[in-house]
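K.L.:
here are the coordinates; sequence isn't available:
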């Protein structure tokens, strides 16, 4: 009996004690704190009051450290996937609060993970007497609130929202000893795609901006099915546009899964009045429509959609346009600090999807190609008039 009691006590002690420090947590903490300080100051200068509280670098380090070690644990054989938000209960809307706040230990986080693994649920964290504790759960967080999401074993993403109910913007990605700091200055570079600007937290309030945000949702859904896929966005061919069917010159005929008439569910939803687009019902309808279109990209071949979101075909085979040269080089960039632009061959960039997407954009220079790989990589292909080359924007770090 005495031996069993000693064993139980030791097991509890091991679970409660924090793990050794995670070096990357300290390396990134000051940079992340500086990011929040800059953006919160800018938001306050605009007169905004719906804001999170500026995180202390020591708290950032402690949260990242605890989350990293929690991500290496297993609960019933499953890797914990959790989201931690640094805010007091009073700033969290209708929150669920624990009668006794829990210590921010990896074991405690791993134990809680099955209850909060669904999207949109955050574990609230706030200091008590200088020590961080987990106070409960919430679905509501203010703009520019520090959030750390555990994506997988050893894979963490620091993020925030620019708006209380908007899309999350990634700030840093940590995977083991690898640290990627997102460079939001990439949004100011000439020819930066609207989709990339949106992923970097640049907002537009006009109809074009809303269209770009829809592409963000399509990209995330394409990446989520893990089968790989390609989405070609071509001119809508309305009015006097002479390029209505030019895209077909880069597609093998016949197209087995051609759509007639054009499937316009996404276009119809985006055409609704602004007031209706703010309803929960509209948001659910849009989510289902986005997932349906993104699901088509899993079929072998490319999905073709107009710039006004009308579906034209899927499973289409890309070919080189007649009398056009094969694509030989691609300019590759990633919106990560200290990363340099590289010119490479399409074969170096990826497999058949990447090669065919680069060829399509070289031949159809008004088009955009979105390519998701099975391994999680995601690339936006556009023609660059400045560099006279296909430009491949690697954005998977922004979609985690």
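P.N.:
That came in fine, so what should we check first? Keep in mind the model is a prediction, meaning the values are calculated, not measured. Residues are numbered from 1 along each chain as shown.

K.L.:
C-alpha only now, for contacts and for neighbours.
P.N.:
Noted.

K.L.:
would you list the phi and psi of residue 150?
P.N.:
phi -90, psi 110 (degrees, to the nearest 10).

K.L.:
helices of the stretch 51-200 of the chain, start to end?
P.N.:
Taking DSSP state H, counting those that start in this stretch as the criterion, the stretch 51-200 of the chain carries its helices at 57-71, 106-112, 194-199.

K.L.:
what's the least confident stretch among those helices?
P.N.:
Among the helices of the stretch 51-200 of the chain, helix 194-199 has the lowest mean pLDDT, at a mean of 83.

K.L.:
list the buried ones in that helix?
P.N.:
By 16 or more other CA atoms under 10 Å, the buried positions in helix 194-199 come out as 194, 195, 196, 197, 198, 199.

K.L.:
before we move on, what about stretch 25-33?
P.N.:
25, 26, 28, 29, 32, 33.

K.L.:
run the angle between the longest helix along the chain and helix 57-71 for me.
P.N.:
When the chain is parsed with DSSP state H, its longest helix is helix 23-45. Per axes from the mean of the first three to the mean of the last three CA atoms, to 10 degrees, the angle that helix 23-45 makes with helix 57-71 is 130 degrees.

K.L.:
what mean pLDDT does helix 23-45 have?
P.N.:
Here the average pLDDT along helix 23-45 is 95.

K.L.:
cool, and stretch 288-308?
P.N.:
Stretch 288-308 shows an average pLDDT of 96 in the prediction.

K.L.:
circling back to that earlier point, which elements pack onto the longest helix of the chain?
P.N.:
helix 57-71, strand 168-175, strand 178-181 (3 or more CA pairs under 8 Å, 6 or more residues apart in numbering; DSSP states H and E).

K.L.:
can I get these in CSV including mean neighbour count and distance to residue 337?
P.N.:
Shown next, in CSV, are those (neighbours: other CA atoms under 10 Å; distance: least, CA to CA, whole Å):
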stretch, mean neighbour count, distance to residue 337
helix 57-71, 23, 20
strand 168-175, 22, 10
strand 178-181, 16, 6
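
K.L.:
can you say which of these is nearest to residue 233?
P.N.:
Among these, the nearest to residue 233 by CA to CA is strand 168-175 (23.7 Å).

K.L.:
which outside residues touch that closest one?
P.N.:
Strand 168-175 is touched from outside by 24, 32, 154-162, 179-182, 199-201, 397-400, with contacts defined as CA atoms under 8 Å, 6 or more residues apart in numbering.

K.L.:
okay, and the beta partners of the closest residue to residue 147 other than its chain neighbours?
P.N.:
Nearest non-adjacent residue to residue 147, counting by CA to CA, 6 or more residues apart in numbering: residue 85, 4.5 Å away. As for beta bridges, residue 85 partners with residue 124, residue 147 under DSSP bridges.

K.L.:
residue 85 and residue 396, how far apart?
P.N.:
In this view, residue 85 and residue 396 are 23 Å apart by CA to CA, to the nearest Å.

K.L.:
neighbour count: those two, which is higher?
P.N.:
Neighbour count, other CA atoms under 10 Å: between residue 85 and residue 396, residue 85 has more, with 27 against 19.

K.L.:
is residue 362 in a helix, a strand, or coil?
P.N.:
helix (DSSP: H, G, I helix; E, B strand; the rest coil).

K.L.:
residue contacts, it?
P.N.:
Counting by CA under 8 Å, 6+ apart, residue 362 has contacts 327, 383, 389, 390.

K.L.:
roughly how far does the last one sit from residue 338?
P.N.:
Between residue 390 and residue 338 the distance, using CA to CA, works out to 22 Å.

K.L.:
who's more crowded, the two?
P.N.:
residue 390 (27 against 11).

K.L.:
and this structure, what are its domains?
P.N.:
The chain is divided into the following domains under automatic domain parsing: 2-181, 187-399.

K.L.:
now name the helix or strand holding residue 339.
P.N.:
Here residue 339 sits in a region with no helix or strand, counting by DSSP states H and E.

K.L.:
got it, and residue 236?
P.N.:
Assigned by DSSP H and E, residue 236 falls within no helix or strand.

K.L.:
gap between stretch 160-174 and the chain center?
P.N.:
Centre-to-centre, stretch 160-174 and its host chain are 9 Å apart (CA atoms, centre = their mean, to the nearest Å).

K.L.:
rewinding a little: mind listing what the residue nearest to residue 147 touches?
P.N.:
122, 123, 124, 125, 141, 145, 146, 147, 148 are the contacts of residue 85 under CA under 8 Å, 6+ apart.

K.L.:
per-residue pLDDT, the last one?
P.N.:
Right, the one you point to is residue 148. pLDDT at residue 148 comes out at 97.

K.L.:
circling back to that earlier point, between the helices and strands packed on helix 23-45, which one is closest to residue 112.
P.N.:
Of the helices and strands packed on helix 23-45, nearest to residue 112 by CA to CA is helix 57-71, at 10.4 Å.

K.L.:
next up, phi/psi of residue 347, please.
P.N.:
phi -60, psi -30.

K.L.:
hmm, it is touching residue 357, no?
P.N.:
No: with contact defined as CA atoms under 8 Å, residue 347 does not reach residue 357; the gap is 11.6 Å.

K.L.:
compare those two and say which is more crowded by neighbours.
P.N.:
Ranked by neighbour count (other CA under 10 Å), residue 347 and residue 357 place residue 357 first, with 29 against 13.

K.L.:
can you classify that one as helix, strand or coil?
P.N.:
Quick answer, by three-state DSSP: residue 357 is helix.

K.L.:
any idea how far residue 389 is from it?
P.N.:
13 Å.

K.L.:
same check on residue 185?
P.N.:
For residue 185, the distance to residue 389 equals 22 Å [CA to CA].
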